[in-house]
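> below: sequence and its predicted model.
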There are 4 protein chains.
Amino acid sequence: MKPSRLEAFSDGVFAVAITLLVFNLKVPDVAGGHLRVALGHQWPSYIAYVISFLSIGICWVNHHSILDRIAMADRELLFINLALLLGIVSIPFTTSLAAIWYNQGTNAKWAIGIYCANWVYVSATYILLIHHLMGHEHLATHATGVTLQSLLRKGLFGIVAYLVALVVSLIAPIVAFFICLALAVYFVFGVQGEAMAEH
Amino acid sequence: MKPSRLEAFSDGVFAVAITLLVFNLKVPDVAGGHLRVALGHQWPSYIAYVISFLSIGICWVNHHSILDRIAMADRELLFINLALLLGIVSIPFTTSLAAIWYNQGTNAKWAIGIYCANWVYVSATYILLIHHLMGHEHLATHATGVTLQSLLRKGLFGIVAYLVALVVSLIAPIVAFFICLALAVYFVFGVQGEAMAEH
Amino acid sequence: MKPSRLEAFSDGVFAVAITLLVFNLKVPDVAGGHLRVALGHQWPSYIAYVISFLSIGICWVNHHSILDRIAMADRELLFINLALLLGIVSIPFTTSLAAIWYNQGTNAKWAIGIYCANWVYVSATYILLIHHLMGHEHLATHATGVTLQSLLRKGLFGIVAYLVALVVSLIAPIVAFFICLALAVYFVFGVQGEAMAEH
Amino acid sequence: MKPSRLEAFSDGVFAVAITLLVFNLKVPDVAGGHLRVALGHQWPSYIAYVISFLSIGICWVNHHSILDRIAMADRELLFINLALLLGIVSIPFTTSLAAIWYNQGTNAKWAIGIYCANWVYVSATYILLIHHLMGHEHLATHATGVTLQSLLRKGLFGIVAYLVALVVSLIAPIVAFFICLALAVYFVFGVQGEAMAEH
């Protein structure tokens, strides 16, 4: 299979998943009184919306860096990519879970823990994808630019960071939530920039 | 009509349909108590989500193998493709039907039966598409790679397998549900691999 | 603006709108008793789903026949195309309106009348698009194939047919509903075929 | 990153966001009595739907005019574009907020104010995008056609106009709502036309 098709389908899934995040924002009920107060109470939904939007956006950029290195797709690669997309498509659900249950005592640990676990899963499939490419030289292009090694380093950093967030979520869920926010901001301004600089 | 357009539109529909599956995952109500317990009760939704995600993913791969063999699209081909997409777009609905009604006695037979019937329908339109191409030589490309015969074999295997699942669903719906799961896994690791090997 | 961009955006909107039709299919409530009976009562939703799916599919095919004739897009053309897409995006809503209110006495006239009016509107923007191309020769390509005249004839047939359905809906809404079904089937097997034959 | 990828992803997000606006149109409950009356009461939803549809459509056209001038994308550009898309994806939510709360006294100021603020935000990211291109000559193409200066002028006009609407919304929300409608119509027939004329 030509990588251009993999790209078109993956881009479509990323674009739909990132847009479906808007369903996390609920219009408060008219009967509920003060709109300003009602919207204020929804602050976790807004933060979660921005975190997930940026994170899916970063994933899309990184996914493209990987696809750029693919000359040909084999069976395992298609399957690993499908597994990665499964993780991306689940984000609107786990985002909603985290935003609604963030302050429900013990339940918050589960909600935010599952959100962090979703990103651990995405990072793992991302690493698998790169690992598969590194082990099958005939699938990769030998173009200059971002190297598979540098993409792998980013993937390993990502999985460790989200595993830390996952562990923290079992102790202090709300802190884990802000770690995810910090990671999204860091990836936008930091790692992403480094990768571009290598270009 | 040039096949590139057929591809772009079909890819779009596949990408949206596979992403809409996320609406099968519902955030449990905060008033409902224990999140862990509430999520545990939703296990059929998660299994159904994964089955349908993988199955639509496999369909997309197979659909592309067929489109790769098309040099030109005529009226019947466009109509058969539209009929196939109608089946794909219905999957998020029948998936939800199966996940919600799976343990409702006699009703489960209808719910999971309809889910299996949806895949029988998709397999049938897939076979029709290949059959139409085989009967109209001027529409097909003569490229090397996956042959129409091998695609047809996969289609026939698929329709027989889903017909078996449909029959089983009338006796033991939950077993049919797991047959669909087994088929998705088999198609990912088995038939799909065989087709790729032929490449 | 290059027509390829117009195509990509329009294809995306068509693909999303046709897939959103699935939200017209509602899983009956578990508390509601017999699934078979509950699904049976939803028959207008299923018919409406198929009518709208086929009709949007046909519109997409016709839209592409028009875009094929465009060499360059000017301001009016972009605006007319946006107006056409506004009609397409509204179809999932008016479909739902027709399917839910079809048997509510006088209200049914409004529900099915609005559905027919939506298609009259789509046909009108389709004719406007062709008319604009015919009046601005520098925008059109001079390729062989389907002529603008033949596309215009189809558009005029469509608007007259849907105006008849609209008038009928004010007297016998359910009959108008079936006229829309007959039109979709006719367009798939009839007019569409004629246009392809001209190719 | 090649601009063609930026285009494909951005087009996907625009197409999904513009289509999701249809969820602002709700089918009135059958128990609610007269359909004609119920639909009549929803007029703000219909106006909001058309305003937002046209406005997103115009944004898409302008976004493409900018992308046309991009030869290469750097880190900041990707991030600014993601920030712009975040604003576009939020429109279906703020549209719904404005349409549901438009006549709720003081609350209406918040609802329509947030809607206007959303467009101020989109205009600001649009200006940032152009500003970034103007400050990094190696990123821009030197093609003829719409100049970055003329795109910037449109962006500055847009942000001033939406800031005026935002201020008005704090005094007379319903007037601000109609200013947004007037702006959409003006952009379709006016500024857009001017830009095209320069082509």
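Thanks, I have the structure now.
> switch to C-alpha atoms for all contacts and neighbour counts from now on
Will do.
> residue numbers of chain A in contact with chain B?
Within chain A, the positions near chain B by C-alpha under 8 Å from any C-alpha of the partner chain are A:8-10, A:12-13, A:16-17, A:74-75, A:79, A:82, A:86, A:89-90, A:92-93, A:96-97, A:100-101, A:104, A:107, A:110-111.
> go through these and flag which are in helices.
Of these, the ones assigned to helices by DSSP state H are A:8-10, A:12-13, A:16-17, A:75, A:79, A:82, A:86, A:89-90, A:92-93, A:96-97, A:100-101, A:107, A:110-111.
> any low-confidence regions in chain A?
Low-confidence segments of chain A (pLDDT under 70): A:1, A:32, A:142-146, A:190-199.
> which residue ranges of it form helices?
All helices of chain A, identified by DSSP H, fall at A:3-20, A:35-41, A:43-67, A:75-101, A:106-135, A:148-171, A:173-186, A:192-198.
> can you tell me which helices and strands the fifth one packs against?
By that I understand helix A:106-135. Contacts defined by 3 or more C-alpha pairs under 8 Å, 6 or more residues apart in numbering or on different chains; DSSP states H and E place helix A:106-135 against helix A:75-101, helix A:148-171, helix A:173-186, helix B:35-41.
> buried set for the shortest one?
Read that as helix B:35-41. B:35, B:39 (16 or more other C-alpha atoms under 10 Å in any protein chain shown).
> need the contact partners of it.
Helix B:35-41 is contacted from outside by A:107, A:110-111, B:28, B:32, using C-alpha atoms under 8 Å, 6 or more residues apart in numbering or on different chains.
> recalculate using a threshold of 7 Å.
Here helix B:35-41 makes contact (C-alpha atoms under 7 Å, 6 or more residues apart in numbering or on different chains) with A:107, A:110, B:28.
> residue A:129 and residue A:78 touch, don't they?
No. Residue A:129 is not in contact with residue A:78 according to C-alpha atoms under 7 Å; the separation is 9.3 Å.
> of those two, who's got more company?
Per other C-alpha atoms under 10 Å in any protein chain shown, whichever of residue A:129 and residue A:78 has more neighbours is residue A:129, with 23 against 20.
> look up how far residue A:93 lies from the spatially closest residue to that one that is not a sequence neighbour.
Excluding its sequence neighbours, the residue lying closest to residue A:129 (C-alpha to C-alpha, 6 or more residues apart in numbering or on different chains) is residue A:80, at 6.1 Å. Plainly put, residue A:80 is 21 Å away from residue A:93 if you go by C-alpha to C-alpha, to the nearest Å.
> residues contacting the nearest residue to residue A:81 once chain neighbours are set aside?
Leaving out its chain neighbours, the residue that sits closest to residue A:81 by C-alpha to C-alpha, 6+ apart is residue A:129, at 7.0 Å. Contacts for residue A:129 (C-alpha under 7 Å, 6+ apart) come out as A:77, A:80-81.
> from residue A:15, how far off is residue A:129?
Distance from residue A:129 to residue A:15, counting by C-alpha to C-alpha: 20 Å.
> one step back: can you pick the most crowded of the contacts of helix B:35-41?
That'd be residue A:110 among the contacts of helix B:35-41, by other C-alpha under 10 Å, with 25 neighbours.
> show me what contacts that one?
Going by C-alpha under 7 Å, 6+ apart, the list of residues near residue A:110 reads residue B:36.
> coming back round to it: between residue A:80 and residue A:93, tell me which one has more neighbours.
Per other C-alpha under 10 Å, whichever of residue A:80 and residue A:93 has more neighbours is residue A:93, with 21 against 18.
> quick check: that one vs chain D, distance?
According to C-alpha to the nearest C-alpha, to the nearest Å, residue A:93 stands 17 Å off from chain D.
> likewise for residue A:56?
Residue A:56 sits 10 Å away from chain D, going by C-alpha to the nearest C-alpha.
> tell me who's in contact with that residue.
Applying C-alpha under 7 Å, 6+ apart, one finds that residue A:56 lies in contact with residue A:18.
> rerun at 8 Å
A:14, A:18, A:88.
> how many neighbours does the second one have?
Here the number of neighbours of residue A:18 (other C-alpha under 10 Å) works out to 27.
> now swap in the last one and tell me
Taking other C-alpha under 10 Å as the neighbour definition, residue A:88 ends up with a count of 25.
> can you pull the contacts of it?
Residue A:88 makes contacts with A:14, A:17, A:56, A:122, as judged by C-alpha under 8 Å, 6+ apart.
> alpha carbons of stretch A:77-84, as CSV, please.
Only the C-alpha atoms of stretch A:77-84 are listed here, as CSV (Å, rounded to 0.1, in the frame of the first residue of the first chain):
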residue,chain,number,x,y,z
LEU,A,77,2.6,-1.3,9.8
LEU,A,78,-1.0,-1.0,8.8
PHE,A,79,-2.2,-2.8,11.9
ILE,A,80,0.1,-0.7,14.2
ASN,A,81,-1.2,2.4,12.6
LEU,A,82,-4.8,1.3,13.1
ALA,A,83,-4.0,0.6,16.8
LEU,A,84,-2.6,4.1,17.1
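> residue A:54 is in contact with residue A:182, isn't it?
No. Using C-alpha atoms under 8 Å, residue A:54 is not in contact with residue A:182; the gap is 10.9 Å.
> who has more neighbours, these two?
residue A:54 (23 against 13).
> contacts only, for that one.
Neighbouring residues of residue A:54 by C-alpha under 8 Å, 6+ apart: A:184-185, A:188, D:82.
> what do you get for residue A:155?
For residue A:155, the residues meeting the contact criterion (C-alpha under 8 Å, 6+ apart) are A:123-124, A:126-127.
> neighbour-wise, give me the winner out of these.
Compared across the contacts of residue A:155, residue A:126 has the highest neighbour count, 28 neighbours, by other C-alpha under 10 Å.
> correct me, but it touches residue A:84?
Yes. If you go by C-alpha under 8 Å, residue A:126 and residue A:84 touch, sitting 6.7 Å apart.
> which residues are contacting stretch A:164-175?
For stretch A:164-175, using C-alpha under 8 Å, 6+ apart, the contacting residues are A:102-103, A:108-110, A:112-113, A:116-117, A:176-177, A:179-180.
> for the residues you listed, work out which two are farthest apart.
Taking C-alpha to C-alpha, the two most distant members of the contacts of stretch A:164-175 are A:103 and A:117; they sit 18.5 Å apart.
> neighbour count winner among those two?
Comparing residue A:103 with residue A:117 by neighbour count (other C-alpha under 10 Å), the higher total belongs to residue A:117, at 22 against 15.
> who are the contact partners of residue A:90?
Contacts for residue A:90 were tallied using C-alpha under 8 Å, 6+ apart; they are A:118, B:22.
> doesn't residue A:130 make contact with residue A:66?
Yes. Between residue A:66 and residue A:130 there is a contact under C-alpha under 8 Å: 7.1 Å.
> what sits in contact with each of those two?
Common neighbours of residue A:66 and residue A:130 are listed as A:148, A:151 (criterion: C-alpha under 8 Å, 6+ apart).
> which one's more surrounded, the two?
Taking other C-alpha under 10 Å, residue A:66 and residue A:130 do not tie; residue A:130 has more neighbours (23 against 20).
> that one and residue B:42, how far apart?
Distance, residue A:130 to residue B:42, by C-alpha to C-alpha: 33 Å.
> same question, residue A:134
Residue A:134 sits 38 Å away from residue B:42, going by C-alpha to C-alpha.
> residue A:60 now?
For residue A:60, the distance to residue B:42 (C-alpha to C-alpha) stands at 30 Å.
> so what's whatever residue of chain A ends up closest to chain B up against?
Ranking the residues of chain A by distance to chain B (C-alpha to the nearest C-alpha) places residue A:13 first, at 5.0 Å. Residues in contact with residue A:13 (C-alpha under 8 Å, 6+ apart) are A:85, A:89, B:15-16, B:18-19.
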